[in-house]
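Engineer: Below are the sequence and a predicted model for it; my questions follow.
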Amino acid sequence: MRLELKSIHKYFGLVHANDGVDLTVESGTIHGLLGENGAGKSTLMKILSGFIRRDSGEILLDGRPVEFHSPAEAIRMGIGMLHQDPLDFPPLSVLDNFLLGREDGFVQNRARALADLKRLSSQFGFDLDPETLVSTLTVGERQQLEIMRLLSLGVQILIFDEPTTGISLPQKVKLFETLRLLAKEGKSIIFVTHKLQDAEDLCQRVTVLRRGQVTGQVEHPFTASQLVQLMFGQNLAVSARQAIELGAPILEMRDVAVEDYRLRVPNLNLQVCAGEVIGLAGIEGSGQRLFLRACAGLLPPSAGEIWIAGAKMNRQPYHKFLERGVAYMPAGRLEEGLVPGLNLAEHFVLVGRSKDFFINWGAAQSEAQVKIEEYSIHGVPATRVESLSGGNQQRALLALLRPDIDLLLLEHPTRGLDIESTLWVWNQLLERRRRGTAIVFASADLDEILEYSDRILVFSGGRVAQALVAKETSVTQLGELIGGKGL
Amino acid sequence: MKAMGERTEPSKGRVEETPRTREGVPAPAQEATARRGAGMWENLAWSIGPILLGLILTTLALLAVGANPVRAYTVMWKGAFGNAAQFSNVVSSWVPLALASVGLLITFTAGLWNIGIEGQIIMGAIFTAWTARTFDWPAEALIPALFISGIIGGAAWALLAGVLKTYGHVHEIFGGLGLNFVATGVTLYLIIGPWKRAGIASTSGTELFRPAAWLPTFPGGMAVGPIEIAVAVVSLVIVYFALRGTLWGLKLKAIGKNIRSAYWIGISTRLHLLGAFALCGAFAGMAGTVQAIGVWHRLIPAISGGYGYLGILVVLLSGFQAAGLAPVAFFFAAVSKGSVALPLDLQLDSSLGGVLQGIIVLLVILSQGVRARVQRAGASARIDSAVLASPVGPTAAPVEANENPPL
């Protein structure tokens, strides 16, 4: 089935997530869709799969304009999506999952479903026990199940969102084989990825998105550097950096491995000294968050040793890390940093030094006022944090950090901020660094990484490159590493 | 108040990223003051409205069953306030209800639904009964010991629910519900088992306690005395100030509003949750003590009087404010006691009081929901106009849609 997207627009509030996107996918091809975080790939694919509605634009299947309002309707028209985190039901069996979404009447026809499942399994060479629980399957096997489920529903266009994240190499080989087979059968495959190598290996054609717009389309054969150029734009001049005298080591990781249910990041070795800034680059979800959480004691490492200021911190609770001078500023400002419903003054009391049982609200008000002025927060002590703008919430978070921090861990310190606020935040951070705080921050913005880091760790699908010296690194080099080339 | 208006004026030299106001769009500060002006009447309307509506609906229900609503309300009023003895009945039911509500306010502040409060009242009563049966002390020594027993019993039972939650990942609603059944079972077992009255096995209750274990009452056949009133009032005052003026109270509030952020900030969330459970249990246990030695003077199967569940309604109706607990609890106590007279005078069931209480709570909560909706609609209209008036375009970096799932 031939798919055409014409001039798709989608806004989320002020954000123009899709800005006139055109995309044509011929039947029988594997079409890559590339872009960094926030480029608008997921939005586009969610529109295509019926998850969200476009604000304007046209979707044509085989030349006919179509409308659908839910994933179920999209599937009926032949468009199915495999999500990065499989949207299946782990406590149910393989066969139950396979049955879900079928529309053959009220009564389950298990025998027919089982026959379908067996036929599809043998066609693709998958080996799944119909009675086993999905919770015991690997991510790769769950993908296989989802592929078969969508095919049994008659899907002609399959969208794969970052399918190679979290699966093993043999499973990836198997997946690619399957995709080629599907394309040969005439199905259209959209392959959303940020991995350059995967795109090169698999796709006949690649469309690159950047900031909501199509920046280009390349046909096979293409080179990785072409893609990097399209993904990240032109190189920016990196400003001269002030030399800083590094102090004693604050953070040391020795052969550390961190992992969650889908990603394992092994072999982390790093020493961070007082006054040093380390940038963590990579597509979101490549292991940076795991790394930062391990440094803060929020995630116990599964191997290796973590040392903070000369003390081994394995198996120590988060509060001990705080006592040793570690501070963590998470990305979700209202979810994991501030307490909606409490006002600024109450926040400052909560993190304050005073351990008095009774709160002196008068003193708290004036202390809060001082902080508010010092950090230029647009509010008053009685302002509830949820009514602050994003930038002011970020300022409030910075104001809440203790003055004496040795290791400051930040997730996306300037995400969603305008240029002025971004500069302001970095001035605050660099001032702390001058006073000897070591800073480790994750960012999706390569310019920010290059501009402020001394050294850079690049994460790609759980693998980590040797720390790069920022001033000797180019955007292209970073882009290739982020895409998994040269790792 | 004036300071707020001054402070929010954008001062020069500050970096701002909220859209600046232009003509026609009110500045946030002005808007806030404008809202406050209208706000007082609006607030009043929003809180009185549902109560009036509740009365109207109850009246309609009375008309539907062919009863005379005016007479029914008169009977209820007289039943509660007709004479001093009846009024003392209202106060004697206000005391345990206020104690249960004050305890629940603590757990609600910490974001916990302590459904297990019924069991905590029962355990308080059981521990009290044990002490009363065991020690042959004079009243001056015994009564404090009885209250302490109630505190220990209630707190221990609540801690059990707390430990189940914090260490066993059993939601406090399920844990509490289960423990309520267990507590009821233990009461029944004690009444027909080890503590049964000599000669008879009856579920009507244990032997009466010795008079030294009875709470003294005001003279003239009153149902209530000074000690339990003092206990309730002091408890209300302590909790009011503890939640408002202490670091502990603020930490509890932070945990209740967002436990994740509270943890990041460095609050030991588990300890505070357990503390909230224990304190709530302590107050509930005292309610059990009052029920055992002030009202029934023995242990009976329904010793909790349902004050735990009723207390949940009291806290909801008071808007989670300590200052509102005493009057709301009083209103509930008056309705409960007033409706006792209904079957005698009008052949109406006394559950009418419960109907009235239930309808009012439902309507109050419903009105809060409606109010939030109305305000949200207003707020989004304001945001839209601010966006249109904003001189800057989208400055934020594009956010991938999966940050805000549409579902």
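Structural biologist: Structure received.

Engineer: Could you use CA atoms for every contact and neighbour count after this?
Structural biologist: Fine.

Engineer: show me the contacts for the residue of the stretch 51-200 of chain B found nearest chain A.
Structural biologist: Distances between the stretch 51-200 of chain B and chain A by C-alpha to the nearest C-alpha are smallest at residue B:109, namely 11.8 Å. When contacts are counted by C-alpha atoms under 8 Å, 6 or more residues apart in numbering or on different chains, residue B:109 touches B:252, B:253, B:256, B:320.

Engineer: in a helix, that's where the second one is, yeah?
Structural biologist: Yep, that's residue B:253 we're talking about. Yes: using DSSP: H, G, I helix; E, B strand; the rest coil, the assignment for residue B:253 is a helix.

Engineer: Count residues in the vicinity of it, would you?
Structural biologist: 25 (other C-alpha atoms under 10 Å in any protein chain shown).

Engineer: now swap in the last one and tell me
Structural biologist: Using other C-alpha under 10 Å, residue B:320 is surrounded by 19 other residues.

Engineer: mind checking how far it is from chain A?
Structural biologist: Note on residue B:320: its distance to chain A, by C-alpha to the nearest C-alpha, to the nearest Å, is 13 Å.

Engineer: re the thing from before, ok, the contacts of residue B:109 vs chain A, which is closest?
Structural biologist: Distances from chain A to these, taken by C-alpha to the nearest C-alpha, are shortest for residue B:253, at 8.1 Å.

Engineer: Run through the residues that contact that closest one.
Structural biologist: Per C-alpha under 8 Å, 6+ apart, neighbours of residue B:253: B:109, B:110, B:111, B:243.

Engineer: Start from the N-terminal end of the stretch 351-487 of chain A and give the helices.
Structural biologist: Along the stretch 351-487 of chain A, the stretches classed as helices by DSSP state H, counting those that start in this stretch are A:361-374, A:390-400, A:419-434, A:446-452, A:475-482.

Engineer: JSON lines for the ones you listed, including mean neighbour count and mean pLDDT?
Structural biologist: Shown next, in JSON lines, are the helices of the stretch 351-487 of chain A (neighbours: other C-alpha atoms under 10 Å in any protein chain shown; pLDDT from 0 to 100):
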{"stretch": "helix A:361-374", "mean neighbour count": "16", "mean pLDDT": "90"}
{"stretch": "helix A:390-400", "mean neighbour count": "22", "mean pLDDT": "87"}
{"stretch": "helix A:419-434", "mean neighbour count": "16", "mean pLDDT": "85"}
{"stretch": "helix A:446-452", "mean neighbour count": "20", "mean pLDDT": "85"}
{"stretch": "helix A:475-482", "mean neighbour count": "22", "mean pLDDT": "83"}
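
Engineer: Out of those helices, flag the one nearest residue B:217.
Structural biologist: helix A:361-374 (41.1 Å; C-alpha to C-alpha).

Engineer: Tell me the helices and strands packed up against that closest one.
Structural biologist: Counting contacts by 3 or more C-alpha pairs under 8 Å, 6 or more residues apart in numbering or on different chains; DSSP states H and E, helix A:361-374 is packed against helix A:344-351, helix A:390-400.

Engineer: which regions of the chain lie under the pLDDT threshold?
Structural biologist: This is for chain A. The model of chain A has pLDDT under 70 over residues A:14, A:37, A:104, A:166, A:234-243, A:419, A:487.

Engineer: if you could check chain B rather than the one you did, that'd help
Structural biologist: B:1-40, B:201, B:377-407.

Engineer: Tell me which residue lies nearest the centroid of it.
Structural biologist: residue B:315 (2.6 Å; C-alpha atoms, centre = their mean).

Engineer: Spit out the contact partners of it.
Structural biologist: B:101, B:104, B:105, B:321, B:325.

Engineer: Now do the same for it: helix, strand or coil?
Structural biologist: Under three-state DSSP, residue B:315 comes out as helix.

Engineer: next one: residue B:279
Structural biologist: helix.

Engineer: do the same with residue A:191
Structural biologist: Going by three-state DSSP: residue A:191 is strand.

Engineer: residue boundaries of the strands in the stretch 1-150 of chain A?
Structural biologist: In the stretch 1-150 of chain A, the segments counted as strands under DSSP state E, counting those that start in this stretch are A:3-12, A:15-25, A:30-34, A:56-61, A:64-65, A:79-82.

Engineer: So for chain B, which of the ones you listed sits nearest?
Structural biologist: Using C-alpha to the nearest C-alpha, the nearest of the strands of the stretch 1-150 of chain A to chain B is strand A:15-25, at 5.6 Å.

Engineer: hey, C-alpha coordinates of the closest one in CSV?
Structural biologist: The C-alpha trace of strand A:15-25 is given here as CSV (Å, rounded to 0.1, in the frame of the first residue of the first chain):
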residue,chain,number,x,y,z
VAL,A,15,5.4,23.9,20.1
HIS,A,16,5.1,23.3,16.4
ALA,A,17,5.9,19.6,16.6
ASN,A,18,5.2,18.9,12.9
ASP,A,19,5.6,21.8,10.6
GLY,A,20,4.4,20.9,7.1
VAL,A,21,5.8,17.4,6.9
ASP,A,22,5.6,15.6,3.5
LEU,A,23,6.4,12.0,3.3
THR,A,24,5.8,9.3,0.7
VAL,A,25,6.3,5.6,1.4
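
Engineer: list the helices and strands it packs on?
Structural biologist: Against strand A:15-25 (3+ C-alpha pairs under 8 Å, 6+ apart) you get strand A:3-12, helix A:41-48, strand A:213-219.

Engineer: Out of these, indicate the one that is most buried.
Structural biologist: Among the helices and strands packed on strand A:15-25, helix A:41-48 has the highest mean neighbour count (mean count of other C-alpha atoms under 10 Å in any protein chain shown), at a mean of 24.

Engineer: pull the CA atoms of that helix into PDB?
Structural biologist: Extracted C-alpha coordinates of helix A:41-48, given in PDB (Å, rounded to 0.1, in the frame of the first residue of the first chain):
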ATOM      1  CA  LYS A  41       9.200  11.700  14.400                       C
ATOM      2  CA  SER A  42       7.100  10.200  17.200                       C
ATOM      3  CA  THR A  43       4.500  12.900  16.700                       C
ATOM      4  CA  LEU A  44       4.300  12.100  13.000                       C
ATOM      5  CA  MET A  45       4.000   8.400  13.600                       C
ATOM      6  CA  LYS A  46       1.400   8.800  16.300                       C
ATOM      7  CA  ILE A  47      -0.700  10.800  13.900                       C
ATOM      8  CA  LEU A  48      -0.200   8.100  11.300                       C
END
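
Engineer: tell me the angle of that helix relative to strand A:56-61?
Structural biologist: 70 degrees (axes from the mean of the first three to the mean of the last three C-alpha atoms, to 10 degrees).

Engineer: tell me what helix A:41-48 is packed against?
Structural biologist: strand A:15-25.

Engineer: can we see that at 10 Å?
Structural biologist: strand A:3-12, strand A:15-25, strand A:30-34, helix A:71-76, strand A:79-82, strand A:157-161, strand A:188-193, strand A:205-210 (3 or more C-alpha pairs under 10 Å, 6 or more residues apart in numbering or on different chains; DSSP states H and E).

Engineer: hmm, back to that, by neighbour count, which of the contacts of residue B:253 wins?
Structural biologist: Going by other C-alpha under 10 Å, residue B:110 tops the contacts of residue B:253 with 27 neighbours.

Engineer: thinking residue A:415 is in contact with residue A:330, fair?
Structural biologist: No: with contact defined as C-alpha atoms under 10 Å, residue A:415 does not count as touching residue A:330 (11.2 Å).

Engineer: Which one of these two is surrounded by more residues?
Structural biologist: Set side by side, residue A:415 and residue A:330 show more neighbours around residue A:330, with 22 against 19, by other C-alpha under 10 Å.
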